[in-house]
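Novice: Requesting a structural model of the entry that follows:
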Amino acid sequence: MVDEADSALDPEEACQRAIESGLIVHRAHPLNCRTSIPALMSGVMMPNAHFYVRNHFQIPLLDASTWRLKVAGLVEHSLTLSLRDLEDMRSETMVVTLECAGNGRAFLIPAVEGEQWGLGAVSTAEWAGVPLVEVLDRAGVKPGAREVLFRGADQGSVQGRTENVPFERSLRVDEARDSQVLLAYAMNGEPLPIQHGFPLRVIVPGWYGVASVKWLTEIELIDRAFSGHFQGDRYVYEWERNGGVVREPVTLQRVRALITEPQMGQEIGRGELTIRGVAWSGAAPIAGVEVSVGEGRWLQARLLGGNRFGWQWWELITRVDQPGVTSIRARATDLAGRSQPEEPEWNRLGYGNNAIQDVLVHLN
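Specialist: Reported below is the predicted structural model:
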């Protein structure tokens, strides 16, 4: 971990960089920014400068020449790896969509606490780095290891804790091996930008972005279920049911379609109408996207390209001749049979809202 006061990017500077990049700033300290819907139309990969930013603490400044990744705990051989060591290992490149678990929280009724994201806390990039299994195999995981704990350099105070808390998340050992986790040092062909975890971050394909720990400094193999703040106190679904409280961990991204064209409130001419967007799901590939115009029947959109862990582009060309305000809705279904609900599923911390989006346009 780093001393936040001495080794963090100045919040005002970080905020100014985000504004200059065209991001929409929700909060300056810690820096949280969403991507504008028009920016989502730039292609499969989101340019680094436009990729949404989610932080819980200040952005740590790490020197790549002295930075080291420590691998310890229940391993046969403790490791201390430099960035060069990692770059010399077998590498992979993956296109992965990251989404904040709070994406869409602003639409929950009644309102809940937390960052009031609309629909812009999602982006896709091409990540390059070392498969986690390469590092685990080099260290040698002991039979008693139950979870892989990832620790970032960012830290700070949180409600209910007297000491500074580092950003930490874990995966079960089987999850870590089976989910194609990447230790990424490059993003869209460039070294990781500082706001996205330079010099190394975790990428967990298909999971909400909280699992993809940034500014990674330590990997520890532990013999217990981890229950730190960002896994036990936060990033859990919590409901009141049958007179009791039910809690479930936030893990895989829920299936969702997002309309990128036309945009909310846009004025367009009657006649032929082209509707485009993206869809993604952590549980399985997208099976299909349906679109309803003016509360009409659901029409099957055409899927365009796509890959397993990156969002799937889709489009529908239809015709609308009735003037006035018209609703456009899109819903996605994945190959696991999951589809989007009509209404948000309310939960106390406001995670996983994947309700069907409703875009109102003016036809003239």
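Novice: Look up phi and psi at residue 49.
Specialist: phi -70, psi -20 (degrees, to the nearest 10).
Novice: actually residue 177, not the one I typed
Specialist: The phi/psi pair for residue 177 (degrees, to the nearest 10) reads phi -80, psi -30.
Novice: what about it, how many neighbours?
Specialist: Residues lying near residue 177 (other C-beta atoms under 10 Å) number 17. Placement of C-beta: from N, CA and C, glycine included.
Novice: So the closest residue in space to it that isn't next to it in sequence: helix, strand or coil?
Specialist: Of all residues not flanking residue 177 in the chain, residue 133 sits nearest, at 5.7 Å (C-beta to C-beta, 6 or more residues apart in numbering). Under DSSP: H, G, I helix; E, B strand; the rest coil, residue 133 falls in the helix class.
Novice: can you check residue 306 too?
Specialist: Assigned with three-state DSSP, residue 306 falls in the coil class.
Novice: Quick check: it vs residue 316, distance?
Specialist: From residue 306 over to residue 316 the distance is 16 Å, taken as C-beta to C-beta, to the nearest Å.
Novice: do the same with residue 162
Specialist: For residue 162 relative to residue 316 (C-beta to C-beta), the value is 54 Å.
Novice: which one of these two has more residues nearby?
Specialist: Between residue 162 and residue 316, counting by other C-beta under 10 Å, residue 316 is the more crowded of the two (20 against 6).
Novice: Identify the spatial nearest neighbour of the more buried one, chain neighbours not counted.
Specialist: In space, residue 316 is closest to residue 301, 4.2 Å off (C-beta to C-beta, 6+ apart).
Novice: Run through the residues that contact the one you found.
Specialist: Residue 301 sits next to 275, 288, 289, 290, 291, 314, 315, 316, 330 when contact means C-beta atoms under 8 Å, 6 or more residues apart in numbering.
Novice: from those, which ones fall inside strands?
Specialist: Per DSSP state E, strands hold the following members of the contacts of residue 301: 275, 288, 289, 290, 291, 314, 315, 316, 330.
Novice: Show me what the top helix by length along the chain is packed up against.
Specialist: If each helix of the chain is counted by residues according to DSSP state H, the longest one is helix 11-20. The contact analysis (3 or more C-beta pairs under 8 Å, 6 or more residues apart in numbering; DSSP states H and E) places helix 11-20 against strand 24-27.
Novice: Name the residues of the strand it packs on that come out as buried.
Specialist: For strand 24-27, burial by neighbour count (16 or more other C-beta atoms under 10 Å) applies to 24, 26.
Novice: next one: stretch 333-351
Specialist: Across stretch 333-351, burial judged by 16+ other C-beta under 10 Å covers 333, 334, 338, 339, 340, 344, 347, 349, 350, 351.
Novice: Also stretch 156-168?
Specialist: Neighbour count says stretch 156-168 has 156, 158, 165, 166, 167, 168 buried, by 16+ other C-beta under 10 Å.
Novice: mind listing the strands for the stretch 201-350 of the chain?
Specialist: All strands of the stretch 201-350 of the chain, identified by DSSP state E, counting those that start in this stretch, fall at 201-203, 216-222, 236-241, 244-249, 256-261, 267-268, 271-280, 286-293, 299-300, 302-304, 312-320, 324-334.
Novice: hang on, residue 165 packs against residue 152?
Specialist: No. Residue 165 lies out of contact with residue 152 (C-beta atoms under 8 Å); the separation is 10.9 Å.
Novice: any idea how far residue 355 is from residue 325?
Specialist: Remark: distance between residue 355 and residue 325 (C-beta to C-beta) = 20 Å.
Novice: In terms of neighbours, single out the busier of those two.
Specialist: Remark: of residue 355 and residue 325, residue 355 carries more neighbours, 17 against 10, as counted by other C-beta under 10 Å.
Novice: And the longest helix of the chain, what's buried?
Specialist: Those buried within helix 11-20 under the rule 16+ other C-beta under 10 Å are 14, 15, 17, 18.
Novice: starting at the chain centroid, how far to stretch 111-128?
Specialist: Relative to the chain's own centre, stretch 111-128 is displaced by 6 Å; criterion: C-alpha atoms, centre = their mean, to the nearest Å.
Novice: picking up where we left off before, looking at the ones in strands among the contacts of residue 301, point me to the pair that's furthest apart.
Specialist: By the measure C-beta to C-beta, 275 and 288 form the most distant pair in the ones in strands among the contacts of residue 301, at 14.5 Å.
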